[in-house]
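*Asks:* structure, please.
(one chain, ligands or ions: 1)
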Amino acid sequence: MAWRCSGSTNAALINNLAVNGLINSERVKQAMMGVDRAHYAPAQPYEDSPQPIGFSATISAPHMHANACESLLPFLHPGAKVLDIGSGSGYLTHVLAELVKPGGTVVGVDHIQGLVDMTNKNMRKSQEGRDLLDSGTVRFVKADGRKGWAQGGPYDCIHVGAAAAEHHQALVDQLKAPGRLFVPVEESYLQHIYVVDKKEDGRVEKKKMYGVRYVPLTDAPPE
Ligand code: SAH
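*Replies:* Prediction:
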């Protein structure tokens, strides 16, 4: 996929993703156009592939970010509350914030302080990012994402950017009804994306989507 969808600029990358059917929503396309991936990926930012960001973490491939946004899109309306677990580089947190403006909030959670510091620095590279931080639209916290971030909930939707070893009930508990969770889950050495919907009446419906390879959601490394 990378050979087809990469580009020499952010706009070229996003256009190629759209032309090749990896972005179908105009709202997602515009949100990704508005966030320069070079502020978040230290090398080869316009490749459609994951890139190392230090601390054994990676920024996910642009087509995965696009798919996560499209999957959560019915819950990404102005004013929505969003939780981004395993926020890593902060790129997706920024894109999600663009999709819930005005009035929405996004909390990015990572368990490595160095990455939380880096995400704040990355966001400050653009005027839009600085505005999102200064207005409180986006904040980053250091916490164990397997427990969610109950203080900021309940959420319209939750994105998890690292593979969970199990279906964590705390995350479903922190969803509004209706609400949606996008999470890679590991099962017998394979990982699949699950889209978990909490319906208006509280019923929970899990859909297994497709195979992926993510960094695992783990205990925090010793500091
Ligand atoms: N969405 C991010 C993905 C980063 S990789 C991006 O595209 O940039 C996955 C991230 O999950 C890493 O930053 C890692 O530190 C974080 N992580 C792993 N286990 C975690 C846990 N238990 N709690 C919070 N974050 C965790």
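
*Asks:* let me know the outermost residue of the protein.
*Replies:* Distance from the C-alpha centroid of the chain, by C-alpha atoms, centre = their mean, peaks at D201 (26.5 Å).

*Asks:* correct me if wrong: that residue contacts P178.
*Replies:* No - using C-beta atoms under 8 Å, D201 makes no contact with P178, being 9.2 Å away. Every residue, glycine included, has its C-beta placed from N, CA and C.

*Asks:* in the strand ranked longest in the chain, which residues are buried?
*Replies:* Criterion DSSP state E: the longest strand present in the chain is strand 175-187. In terms of neighbour count (16 or more other C-beta atoms under 10 Å), strand 175-187 has its buried residues at 175-176, 178-186.

*Asks:* now do stretch 162-174
*Replies:* Buried residues in stretch 162-174, defined by neighbour count with 16+ other C-beta under 10 Å: 162-164, 168, 171-172, 174.

*Asks:* cool, and stretch 90-103?
*Replies:* 90-101.

*Asks:* restrict those residues to those near the ligand?
*Replies:* Checked against the ligand using C-beta under 6 Å from any ligand atom, those yield the following neighbours: 91-92.

*Asks:* which members of the buried residues of stretch 90-103 are positioned in helices?
*Replies:* In this view, these that belong to helices under DSSP state H are 91-99.

*Asks:* which among these gets closest to H192?
*Replies:* Set against H192, the nearest of these by C-beta to C-beta is L92 (19.0 Å).

*Asks:* ok, back up a step: tell me the secondary structure at the residue farthest from the centre of the chain.
*Replies:* coil (DSSP: H, G, I helix; E, B strand; the rest coil).

*Asks:* what sits against it?
*Replies:* Neighbouring residues of D201 by C-beta atoms under 8 Å, 6 or more residues apart in numbering: A177.

*Asks:* the one 3 residues further on too?
*Replies:* Contacts for V204 were tallied using C-beta under 8 Å, 6+ apart; they are 172, 196-198.
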